[in-house]
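Asks: how does the following fold in three dimensions:
(one chain, ligands or ions: 1)
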Amino acid sequence: MEIARTVDELRLHSDAWRALKRMIAIVPTMGALHEGHLSLIREAHRQADEVIVSIFVNPTQFAPGEDLDAYPRDPEGDLEKLRAAGVDLVWMPSVQEMYPDGFATTIHVEGPAKAGLEDTFRPGHFDGVATVVAKLFLQSGANVAVFGEKDYQQLLVVRRMAWDLDIPVKVTGAPIIRESDGLAMSSRNAYLSEEERRKAPALWRALNAAAEAILSGTAPDQATREARADLETAGFEVDYLEARNAQTLAPIDDPSSEPVRILGAARLGRTRLIDNIPLRKED
Ligand code: PAF
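Replies: A predicted model of the protein is given here:
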């Protein structure tokens, strides 16, 4: 497994692979890798000949006061997992390599980035994500990129950005990997106390309760309002819990005739959890 720490080193490998017509996949991560990331790597191996995993805790997608400094970091543990997963190259740039002095460009996405979900509670977040992901795509020359559906709005934002900028990369979403009690795997779960960890799957249960209510005829607004109230009673501070069109993130007109995703974000102590489920398997 190769490790590249500069853009030149990364391009040495990706240019050689492209010359040999090898398909390249990239799995962008911020490290602290868990089974969810490993499932993205397995998907990348299914779609490409060479798999790059980037590890970069991107400062520009954290607002002041968010958890940039506390964000879990485990470079040695990550490299061991990536070796075992058969990754070909790890892209580990420094902040200075990614954002050299004088860096002055930001990619700003509208559409799915302005859906009134994560963007309301993390202003500026998607500017940071879109900018760094565009750089990862252009640096690596990847043909395919794999993102987890846990950050569902991020997946749609990245897909829109690549499409709008004519970056020739296929953006693939991979299903959420859950703990046995339903909690979506996330590097941030490491922040949960024992008691919070026990409570945390209530977010997933609330999304399912809303889905069941909608499927049995309750209006989406009412179903999500009730699920949100249950979550608040259980001690969560809820940022949003909403049913949206799965392709556009627009509010739902008629749940029986459009693909629906139910998305939620809530705080439990100092941990902010996000999760989502499709209304039906095919959504
Ligand atoms: O989902 C993440 O881990 C990050 O937002 C990403 C896509 C690696 C960009 O920094």
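
Asks: what residues are up against residue 99?
Replies: 59, 60 (CB atoms under 8 Å, 6 or more residues apart in numbering). For glycine as for every other residue, the C-beta is placed from the backbone atoms N, C-alpha and C.

Asks: how much space between it and residue 43?
Replies: 29 Å (CB to CB, to the nearest Å).

Asks: what of residue 124?
Replies: From residue 124 to residue 43 the distance is 29 Å (CB to CB).

Asks: who has more neighbours, the two?
Replies: Between residue 124 and residue 43, counted using other CB atoms under 10 Å, residue 43 has the larger neighbour count: 21 against 15.

Asks: find the helix or strand that the residue lying closest to residue 62 once chain neighbours are set aside is a member of.
Replies: Leaving out its chain neighbours, the residue that sits closest to residue 62 by CB to CB, 6 or more residues apart in numbering is residue 68, at 4.0 Å. In the assignment (DSSP states H and E), residue 68 maps to no helix and no strand.

Asks: could you report the neighbour count for residue 68?
Replies: Residue 68: 14 neighbours (other CB under 10 Å).

Asks: tell me the phi and psi of it?
Replies: phi -50, psi -50 (degrees, to the nearest 10).

Asks: show me the helices in the stretch 151-283 of the chain, by range?
Replies: 152-164, 194-199, 202-215, 220-233 (DSSP state H, counting those that start in this stretch).

Asks: how about those, which one is nearest residue 177?
Replies: The minimum distance between residue 177 and the helices of the stretch 151-283 of the chain falls on helix 202-215, with 12.3 Å, by CB to CB.

Asks: list the buried ones in that closest one?
Replies: 202, 203, 204, 206, 207, 209, 210, 211, 213, 214 (16 or more other CB atoms under 10 Å).

Asks: what would the residues you listed look like in a markdown table with pLDDT and distance to the ligand?
Replies: As requested, those are exported to a markdown table (pLDDT from 0 to 100; distance: CB to the nearest ligand atom, whole Å):
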| residue | pLDDT | distance to the ligand |
| --- | --- | --- |
| 202 | 98 | 23 |
| 203 | 98 | 18 |
| 204 | 98 | 19 |
| 206 | 98 | 23 |
| 207 | 98 | 19 |
| 209 | 98 | 27 |
| 210 | 98 | 24 |
| 211 | 98 | 24 |
| 213 | 98 | 30 |
| 214 | 98 | 28 |
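
Asks: quick one: which two of these are the most distant?
Replies: Every pair of the buried residues of helix 202-215 checked by CB to CB; the farthest is 202 and 214, at 18.6 Å.

Asks: which ones are touching the residue in the stretch 51-200 of the chain that the ligand sits nearest to?
Replies: Nearest residue of the stretch 51-200 of the chain to the ligand: residue 58, at 3.9 Å (CB to the nearest ligand atom). The contact partners of residue 58, by CB under 8 Å, 6+ apart, come to 30, 98, 128, 129, 132.

Asks: relative to residue 180, how far out is it?
Replies: For residue 58 relative to residue 180 (CB to CB), the value is 31 Å.

Asks: next one: residue 30
Replies: 25 Å.
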